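In: Have a look; sequence and predicted model below, questions after that.
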Amino acid sequence: MDERRQPEQAFAEARDCVIVATSTLELGIDVGDLDRVIQLNSPASVASFLQRLGRTGRRPGTSRNCLFPALDEESLLQAAGLLLLWGEGFVEAVKAPPEPRHIVAQQILALCLQEHRVGDRTWQEWWNGVELFGPSALPILRHLVSQGYLDSDDGMLFVGPEAERRFGHRLSMDMTGVFTSAPEFTVLSGRKEVGRTDPALLTEEIEGPRLLLLAGRTWRVTYIDWSRRLGEGCALRRQPGRRISQQTCHMLSRPAAATGT
């Protein structure tokens, strides 16, 4: 996407510059070596604060620098509480799910994709006795076979037709990532992609027209088809001495992308 790639490249190559963006710009790229991070209102957690603070002060002789301009009293109190917790050494605990069965299914499929064929009595040996892949994993394996995600022949397991149909050419990408990001809407102007947006921005209750800020321009949403995850809108553009003009655009859903392994 040109509108995103150009500012990313310019920001990476230039010196003494500022970039204004939503948190979406952080995803998938390493934005580091910053002098200061300025975020409107307080981050939602200490972990989020540390993640943003960690992008600054990486060069020798520099220090961490993060500023939260609070737009209301509630945000000011939240920022004060967050900094108090940080000063006490607190950070939110990462809580693993007690029985992440989806990871078992993903790992079994990934193993069959990697090895092409795996013994239906020896597949558990690949995890060296990890409890998650013990007897409790057998019902998951049977489910994958019964639903066609795995196939079995002569005591061997391999990727089944349903996995090929469901994931297609994305099978390798989806099977090597455990965690996924939330689905996003892709905004198009004609055939040109201008940005992406979180579905939450399309569901929040508002008064008046629904506006999105993408690629340095304001886009008014005119139609959303949730059953097909399809939307339409128009760009609002102000020119000197002229009224605001409109340019047709479309919004298409983008599948959740793997973000971890």
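Out: Now that the structure is in, tell me what you want to look at. Numbering: from 1, shown residues only.
In: ok, which stretches of the stretch 51-200 of the chain are helices?
Out: 73-87, 101-115, 138-146, 161-167, 171-175, 200-203 (DSSP state H, counting those that start in this stretch).
In: List the buried residues of the second one.
Out: Okay, so that is helix 101-115. 103, 104, 105, 106, 107, 108, 109, 110, 111, 112, 113 (16 or more other CB atoms under 10 Å). To be clear about C-beta, it is placed using only N, CA and C from the backbone, and glycine gets the same treatment.
In: ok and it relative to helix 138-146, angle-wise?
Out: Counting by axes from the mean of the first three to the mean of the last three CA atoms, to 10 degrees, helix 101-115 points 60 degrees away from the direction of helix 138-146.
In: Could I have the CA atoms of helix 101-115 written out in PDB?
Out: This file holds the C-alpha atoms of helix 101-115, laid out as PDB (Å, rounded to 0.1, in the frame of the first residue of the first chain):
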ATOM      1  CA  ARG A 101      -6.800 -26.900  22.500                       C
ATOM      2  CA  HIS A 102      -6.600 -24.700  19.500                       C
ATOM      3  CA  ILE A 103      -2.800 -24.800  19.800                       C
ATOM      4  CA  VAL A 104      -2.800 -28.600  19.900                       C
ATOM      5  CA  ALA A 105      -4.800 -28.600  16.600                       C
ATOM      6  CA  GLN A 106      -2.600 -26.000  15.000                       C
ATOM      7  CA  GLN A 107       0.600 -27.900  16.000                       C
ATOM      8  CA  ILE A 108      -0.600 -31.200  14.800                       C
ATOM      9  CA  LEU A 109      -1.600 -29.700  11.400                       C
ATOM     10  CA  ALA A 110       1.700 -27.900  11.200                       C
ATOM     11  CA  LEU A 111       3.600 -31.100  11.900                       C
ATOM     12  CA  CYS A 112       1.800 -32.900   9.100                       C
ATOM     13  CA  LEU A 113       2.400 -30.000   6.800                       C
ATOM     14  CA  GLN A 114       6.100 -30.000   7.700                       C
ATOM     15  CA  GLU A 115       6.700 -33.800   7.500                       C
END
